[in-house]
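Undergrad: build the 3D model from these lines:
(chains A and B)
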Amino acid sequence: MSRPTDRPGVPPHAEPDDSPRGIRRRGLLGALGGGAVGLAVGATGAALAANARNDDDPPPTAEELVYEFTGAHQAGIVTPAQDRLHFAAFDVREGTTRSELIGLLEDWTRAASRLVLGGEVSARGAFGGGELFPPDDTGEAAGLGPSGLTLTFGFGRSLFLTASGEDRFGLRPAMPEHFTELPVMVNDFLDPARSDGDLCIQACAHDPQVAVHAIRNLSRMAVGRAAIRWSQLGFGRTASTSTAQSTPRNLFGLKDGTNNLKAEHQELVDEHVWIGAAQGPDWAVGGSYLIARRIAMTIEVWDSLQLGEQQRVTGRDKVEGAPLSGGEEFTALDFSATDAQGEPLIDRRSHVFRTHPDHNDGIRMLRRGYNFVDGNDEQGRLDAGLFFIAFVNAPQRFARVHTSMARDDMFVEYLKTTGSAVFLVPPGVQGEDFVGQGLFDATSMP
Amino acid sequence: MTDTSISAALLASVTVLALSGCAPNTSNVAEGDGIQVSSTADACEVSTDTAESGTNTFTITNDGDRVTEFYLLGEDGLRIVSEQENIAPGASAQLTVSLQPGDYFTACKPGLRGANVGEAAFTVTGEAVELTGQDDELYSEAVGVYVDFVKNEVAALVPNVEEFAQAYMAGDDARARELFAPTRVNYERIEPIAEALGTLDPRIDYREVDYLAEAAELEADDPTFTEWLGFHRMEKDLWPPQEGDLNADGSSAFEQWTWSTDEDRQRIGRQLVADVQDLYDTVHDEDFAQDQQMTISTVSNGAIALLEEVAVTKVTGEEDWWSHYDLWDFQANVEGSRIAFDLVAPIAERKGEQGRQLVATINEEYDALEALLAQYGNLEDGFVLYDQVTAEQQAELTRQIDELREPLSRLTGTVLEIEG
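TA: You can find the predicted model right below:
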């Protein structure tokens, strides 16, 4: 396990596209204020294993990547997006007390700090507990490396205040005023069984079995205190959160999130992602809001759209992801550019137009979604789509962009949102604290 | 011994270090100074490879640059007898453990993954440490009481089965339907015992789908076992399927089934009575406990096994597929489980704080499960039929069973492996 000081968290073989194109891109972003080519880890929390590393050591493989669990912010937000996701939302069991809830968060913190190193949930683990005990660890990740695992914990609004107005854990007084519910949006077909939840864990890793192992063992640990409400596997990332990563494609075949906020845009990340002192409350500063939306795509219909139409709906060309106003992938969009007939090259109802910060009060977000295919429906169509994850510093800011998109965006015709949730991701864990400790220190049971 | 308060251990070790001004790798540690361990990237140096039995303290210093942990392993080199987790680089921690004479290994795991580092033999000599609990006596007492309980249940089962079988053979279906669930209660309370007795449980309690799947093997084991028998065959006659009904596995209810004729009923009814009598004779044999090698773990594992029954077949409604009387079985399984647990609990409570906490947690979860079941009825007045229990309610029952199973799964190990 070594520390890739020069290339934070970029597994060379997981990143076949780490090519001259990548370098050119970094140059462009440098011009945008992305800073020193994104090589400093900055406030990413991706501080990595403790061993000092020589510059001429080869970078670690994806399997050996370690992201540190503690830090100012939780890992798994500006950490370079890993390839695989297992996301789970939990409901706290009826009758669970505040101190039992704290006990759960302590257990999760202790286990998570071991799991991200590639360790088992306890020293006795899968094999060392003797024959008369069920093993502490379920064992399917034995022999696998840490694989860049991050575990990001969040609190649902219902943890502070249930739908019926109950404050089960004395947390209501510390609920941030910005922690609002999302308004109903166009094409919401929300299934309550796939929405909301008191707690969440986002597990991301370069090996799907490592992510699943983490969620499985943390769920097992929660028995009696919390149970899974819904969960989602994602098999491929649809966002880059570091300039060192290439832009992946979603199931529409499109490069997704070219304009995403990235770790290296530290000022923008500070402005748009982290809950700041101005927003507060104090305990939440350095945290963020995780917006999770299970967006089913009618891919079979999309697939029969002519290429030109697919590009018009998107506002970018499909091969490079370059704006229809010209240039290359990372060229700035020019909404005023017109064709010979004077028509705008980028349609005003295209996805890039509707979601661009210029048309949304400057709001930006850090997207970290994953492609999913959950089998098929009864018509023999794939139950496929995008498990959209975005980090913003107020849910309302996401709602603002989404409303603008939903109203006119031609894309929305091919989308159906089937699940939705918002979680407050508390700031990073410090020292021996448990995740979210600040919230509990700031409150008490009435 | 796992997860003792880490911060307390760290504090304690800081004090020790301050007092002794200790250098971690000293090899001549005077008695009373304890055993020093130094963990580095590629070594786990222990200041001595022998110790006297009794209380020993290891002071582990992490001289490496990654978080580490220290293990004392049993003679198989695999089972962890005691451990100190999560020692940060530069930090020390203490592990105090009471050791019996024997062969052990010491090892570290810097980075918390991969093979153990510096595994080395460690021998404990001296007298055996006397335990506070006289466990052996308690064990045999608990086993004795449990065997008596099993005998009583089977003794109650015999006349009930006779009455039920009589009604069935006489074609008094209304009476037989009334008796079906109450009759099974005594059996369901001790099911894991019957399951250990060859083909007795398959003859008495197999569902049609199970019988069909195993028919050839069952006949090979027991040449007289040539057709589906027992409670569930009678159940299907008493609550016969309608056109289009499916078995629990999704096959047609009529695929390999026809109504039992009067003649069939006589044969099947008499066979159940005979099989239950056979069960009675077996458990009442004076050598029963010895023949079955019954130990305290039979009792403890019996408590666990009954809940697995519930979790796998009862909560899904597969057990009493035609009558939907699953909640009677469910209740009986839970009762049988709790009786076995209650016999083991006093022994588990002698296993220090860990044992006491485990027993308290398990008791809470039994209480919660019983309270939840009580919402659906009771054995005297009857329960809601399982086809009336919604999917949401089934999920709630499943969660509560899992919440009991999880701590209960640690009972046997706590009783047998933790010293009081």
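
Undergrad: might one say that residue A:226 is in contact with residue A:89?
TA: No. Counting by CB atoms under 8 Å, residue A:226 stays clear of residue A:89, with 9.9 Å between them. For the C-beta atoms, the positions are set from N, CA and C on the backbone; glycine is no exception.

Undergrad: quick check: neighbours shared by the two?
TA: Taking CB atoms under 8 Å, 6 or more residues apart in numbering or on different chains as the contact rule, residue A:226 and residue A:89 both touch A:198, A:199.

Undergrad: in the stretch 1-150 of chain A, which spans are helices?
TA: For the stretch 1-150 of chain A, helices defined by DSSP state H, counting those that start in this stretch occupy the ranges A:20-29, A:98-115.

Undergrad: dihedrals phi and psi, the nearest residue to residue A:236 once chain neighbours are set aside?
TA: Of all residues beyond its chain neighbours, the one nearest residue A:236 is residue A:371 (4.4 Å), with distances taken as CB to CB, 6 or more residues apart in numbering or on different chains. For residue A:371, the backbone dihedrals are phi -70, psi 140 (criterion: degrees, to the nearest 10).

Undergrad: what sits against residue A:371?
TA: A:234, A:235, A:236, A:237, A:238, A:250, A:251, A:384, A:385, A:386, A:387.

Undergrad: counting neighbours, what do you get for the second one?
TA: Other residues near residue A:235 come to 13 when the count uses other CB atoms under 10 Å in any protein chain shown.

Undergrad: distance check, it against residue B:406.
TA: 30 Å (CB to CB, to the nearest Å).

Undergrad: before we move on, the earlier item: which one of the helices of the stretch 1-150 of chain A has the poorest average confidence?
TA: Note on these: helix A:20-29 shows the lowest mean pLDDT, a mean of 32.

Undergrad: sorry, back to before: which of the contacts of residue A:371 fall in helices?
TA: Secondary structure from DSSP state H places none of the contacts of residue A:371 in helices.

Undergrad: which parts of chain B are strands?
TA: With strands called from DSSP state E, chain B shows them at B:35-39, B:44-46, B:50-52, B:54-62, B:68-73, B:80-87, B:92-99, B:102-108, B:117-125, B:377-378, B:382-383.

Undergrad: Throw these into CSV and include mean neighbour count, mean pLDDT and distance to chain A, thanks.
TA: CSV is the format used below for the strands of chain B (neighbours: other CB atoms under 10 Å in any protein chain shown; pLDDT from 0 to 100; distance: least, CB to the nearest CB, whole Å):
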stretch, mean neighbour count, mean pLDDT, distance to chain A
strand B:35-39, 24, 96, 13
strand B:44-46, 22, 97, 14
strand B:50-52, 15, 95, 20
strand B:54-62, 20, 93, 11
strand B:68-73, 25, 95, 5
strand B:80-87, 23, 90, 4
strand B:92-99, 20, 90, 11
strand B:102-108, 20, 96, 10
strand B:117-125, 15, 96, 12
strand B:377-378, 14, 96, 21
strand B:382-383, 19, 94, 22
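
Undergrad: residue contacts, the residue of the stretch 251-400 of chain B found nearest chain A?
TA: Ranked by CB to the nearest CB, the top residue of the stretch 251-400 of chain B for proximity to chain A is residue B:399, at 5.5 Å. By CB under 8 Å, 6+ apart, the residues touching residue B:399 are A:93, A:227.

Undergrad: from residue B:392, how far off is it?
TA: Between residue B:399 and residue B:392 the computed distance is 11 Å (CB to CB).

Undergrad: return the residues of the stretch 201-350 of chain B in contact with chain A.
TA: Within the stretch 201-350 of chain B, the positions lying close to chain A (CB under 8 Å from any CB of the partner chain) are residue B:297.

Undergrad: would you state the helices of the stretch 201-350 of chain B in chain order?
TA: Under DSSP H, counting those that start in this stretch, the stretch 201-350 of chain B gives helices at B:208-221, B:231-238, B:262-284, B:288-291, B:296-309, B:326-348.

Undergrad: could you dump the second one to PDB, C-alpha only?
TA: Backbone C-alpha positions of helix B:231-238 (Å, rounded to 0.1, in the frame of the first residue of the first chain) are rendered in PDB as follows:
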ATOM      1  CA  PHE B 231     -48.800 -34.500   9.100                       C
ATOM      2  CA  HIS B 232     -48.500 -32.600   5.800                       C
ATOM      3  CA  ARG B 233     -50.000 -35.400   3.600                       C
ATOM      4  CA  MET B 234     -53.000 -35.400   6.000                       C
ATOM      5  CA  GLU B 235     -53.100 -31.600   5.900                       C
ATOM      6  CA  LYS B 236     -53.500 -31.700   2.100                       C
ATOM      7  CA  ASP B 237     -56.400 -34.100   2.300                       C
ATOM      8  CA  LEU B 238     -58.100 -32.000   5.000                       C
END
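
Undergrad: OK, contacts around residue A:249?
TA: Residue A:249 is in contact with A:238, A:255, A:256, counting by CB under 8 Å, 6+ apart.
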